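[1] got a predicted structure here, sequence first:
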Amino acid sequence: MTKRYCQTLDLKDDPKLIAEYRRYHERIWPEITRSICDAGIEDMEIYLLGTRLFMIMEVNDIFSFEKKAKADAANPTVREWEELMWKFQKSLPGAKPGEKWMLMERIFKLEKQ
């Protein structure tokens, strides 16, 4: 059974940095794709409006944020990618130090009658 998580994050308000961030995501490093899939993430999409990013993840039963964080910390390529992405990203208000993507709360779901 899959589960969906939605997260958000802001980019720095700099058109050149945003354009560069987009380019990186047009050609994500294969090791990053592999780490995402190995964590149990079956589908992932990121949307951009201005400086606001919105990510949707569909995950399977093996996924947990804790296991993903532990695997990322042990993977030098993922650590390099995440450090590079901080060049473009900025924490949201209310984020803990070093916290990036923040989990969003679903407040509505269409229920067909």
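    Sure thing, it's come through. Residues are numbered from 1 along each chain as shown.
[2] strands of this protein, start to end?
    For the chain, the strands defined by DSSP state E cover 3-11, 41-49, 52-59, 89-90, 102-103.
[3] which elements pack onto the first one?
    Other helices and strands packing on strand 3-11, by 3 or more C-beta pairs under 8 Å, 6 or more residues apart in numbering; DSSP states H and E, are helix 15-26, strand 52-59, strand 89-90, strand 102-103. Yep, even glycine has a C-beta here, placed from its N, CA and C like the rest.
[4] looking at the ones you listed, which is closest to residue 46?
    Closest approach to residue 46 among the helices and strands packed on strand 3-11 (C-beta to C-beta): strand 52-59, 4.8 Å.
[5] list the buried residues in the closest one.
    Neighbour counts using 16 or more other C-beta atoms under 10 Å place 53, 57, 59 of strand 52-59 among the buried residues.
[6] give the contact list for the second one.
    So the one you mean is residue 57. 4-7, 41, 43-44 (C-beta atoms under 8 Å, 6 or more residues apart in numbering).
[7] most neighbours, which of those?
    With neighbours defined as other C-beta atoms under 10 Å, the most crowded of these is residue 41; it has 19 neighbours.
[8] got TSV for the strands of the chain, with distance to residue 69 too?
    Shown next, in TSV, are these (distance: least, C-beta to C-beta, whole Å):
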stretch	distance to residue 69
strand 3-11	13
strand 41-49	13
strand 52-59	14
strand 89-90	16
strand 102-103	13
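[9] which among those strands is found nearest to residue 75?
    With distances scored as C-beta to C-beta, the stretch of these nearest to residue 75 is strand 41-49 (14.4 Å).
[10] state the pLDDT value of residue 96.
    For residue 96, the model assigns a pLDDT of 89.
[11] any weak-confidence spans in the protein?
    For the chain, no stretch has pLDDT under 70.
[12] residue with max distance from the center of it?
    residue 113 (33.5 Å; C-alpha atoms, centre = their mean).
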